[in-house]
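# show me how the following folds:
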Amino acid sequence: MKTITWVHVGDLHADPADGWLGIDRLAEIVADLAAVREGIDFVFVPGDNANHATAEQYDRIRAALAPLALPVFTIPGDHDFEDGTLAAFRAGTPEAMRPFERVIGGHRCLFLDIVSAGSGGPDFRIGAGQRRRIDAALAASDDEGLTPLVFMHAYPGDLADGGEALATAFADAGVAFVDTGHTHYNELLNDGRVVYGATRSTAQIEEDGGAAGYAIVSVHDGVPSWTFRPIGDAAPGWPHVQILSPADVRLLTRPHDPRHVPAPGRIAVTARVLGPEAAPPVVEADGIATPMQPVPGQPATWTAVVTIGQPGLHPLRVRSGAASDTIDILVRDREDRPKRGRPVVPGRAVHTIGAWPSRHILGAQLGPNRNGGGW
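Residues are numbered from 1 along each chain as shown. Have a look, this model is predicted:
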């Protein structure tokens, strides 16, 4: 069993011009995460960290992150490259926070720089040397039985050159999830082989009335899951429930895999319940509630077996006290599962799953990189 969970804190755009709004919200997120003792592996900050790449902006980011007990990994965005170099980003971000790769929980996490090979602004590119490192890391993941995950500032489709080839390499290597920033809005893409996720900015938000929050992302035995957790007045409190397996129908990429598309009969359900004083969870399927049991050696992780007798689309709910998570799973007989093909124009926003309101995904692409205003 391979499980990884991380927190995505969207583009901070730390800036005195808005009264350090991104920093204040980052501090609120850090305080919220202090309640979680286990079940989260690291925090990811996806670039556009400092709005103008000044030393003071990076100083404020480091100070806000300092109380975290969790590792923090970050990458640069186009705003971190504002002066045409990443010198300020590197000077203001400890080396341990900006790795190229880490192996965590059976996953190889690749943290990419798609900025410094370009000319600034939205001119995203990957240099030849880094591309060779990516190819070598993906090949090593296959040899070592590790599931690859990718962290980059924007979708491959946003690269000025080589984006389709990169996304095809991700698909061929079995990358389970690519986590991005840049859009300023919540969005999930599924090109049929790889799921991509973007989390709204922490400071520059046009959707949902400007409501801030952060994403909790998990990959469990190749199954990705993504939830959004609001902060401020809309904060839900703890615990936080996330179904890890089987896959929601919107996010299935491996129809031959029973953890993506189970067959009728007995189906294993796994969930993560984060936060203090969480009640033992219960899974509900086909009108029957089944208590879940803790998974030995897997923190904050619970499992149960449910029975679903008929093929089709079925809701699946896991609840712990007042907190719950609900997904829709596709149940099919094995002979009815389609073969997986190569995606057309992979890694592009054309593959958006659209609105998913319970996940705070509104589907309007309302941000400066699509349909929003200028910042």
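
# okay, CA-based contacts and neighbour counts for the rest of this
OK.

# specify the local secondary structure of Thr303.
Secondary structure, DSSP: H, G, I helix; E, B strand; the rest coil: Thr303 is strand.

# what does the one 4 residues further on give?
With three-state DSSP as the basis, Thr307 sits in strand.

# from Gly287, how far off is it?
10 Å (C-alpha to C-alpha, to the nearest Å).

# which residue packs closest to Met1, ignoring adjacent ones?
Asp221 (6.1 Å; C-alpha to C-alpha, 6 or more residues apart in numbering).

# which ones are touching the one you found?
Met1, Lys2, Thr3, Arg259 (C-alpha atoms under 8 Å, 6 or more residues apart in numbering).

# list the contacts of the second one.
The reference is to Lys2. Gly105, Gly106, His107, Val219, His220, Asp221.

# Pro230 reaches Gly213, doesn't it?
Yes - taking contacts as C-alpha atoms under 8 Å, Pro230 lies within contact range of Gly213: 4.0 Å.

# what sits up against the biggest helix by length in the chain?
In the chain, taking DSSP state H as the definition, the longest helix is helix 128-144. Contacts to helix 128-144, defined as C-alpha under 8 Å, 6+ apart, come from residues Arg108, Leu110, Thr147, Pro148, Ala169, Ala173.

# name the nearest residue to the fifth one, ignoring sequence neighbours.
Yep, that's Ala169 we're talking about. Ala169 sits nearest to Asp135 (C-alpha to C-alpha, 6+ apart), 7.8 Å away.

# next: the third one.
Sequence neighbours aside, His107 is the residue nearest to Thr147 in space, at 4.6 Å (criterion: C-alpha to C-alpha, 6+ apart).

# show me where the stretch 201-350 of the chain has strands.
213-220, 223-230, 240-245, 265-274, 282-285, 288-291, 293-294, 301-308, 312-320, 323-331 (DSSP state E, counting those that start in this stretch).

# buried stuff in stretch 315-326?
Neighbour-count burial for stretch 315-326 flags Leu316, Arg317, Val318, Arg319, Ser320, Ala323, Ser324, Asp325, Thr326 (criterion: 16 or more other C-alpha atoms under 10 Å).

# then stretch 123-138?
Buried, per 16+ other C-alpha under 10 Å, within stretch 123-138: Asp123, Phe124, Arg125, Ile126, Ile134, Ala137, Leu138.

# now swap in stretch 245-261 and tell me
245-261.

# next one: stretch 62-78
In stretch 62-78, counting by 16+ other C-alpha under 10 Å, buried: Ala64, Leu65, Leu68, Leu70, Val72, Phe73, Thr74, Ile75, Pro76, Gly77, Asp78.

# I'd say the fourth one and Phe44 touch.
Translated: Leu70. No - contact between Leu70 and Phe44 fails when scored by C-alpha under 8 Å: they sit 10.3 Å apart.

# need the strands for the stretch 51-200 of the chain, in chain order.
72-74, 101-104, 107-111, 147-151, 177-180, 187-190, 195-198.

# and these: which comes nearest Glu335?
Taking C-alpha to C-alpha, strand 187-190 is the member of the strands of the stretch 51-200 of the chain nearest to Glu335, at 23.3 Å.

# what pLDDT, on average, does that closest one get?
For strand 187-190, mean pLDDT rounds to 98.

# from the chain's centre, how far out does it sit?
10 Å (C-alpha atoms, centre = their mean, to the nearest Å).

# buried residues in it?
Counting neighbours by 16+ other C-alpha under 10 Å, the buried set in strand 187-190 is Glu187, Leu188, Leu189, Asn190.
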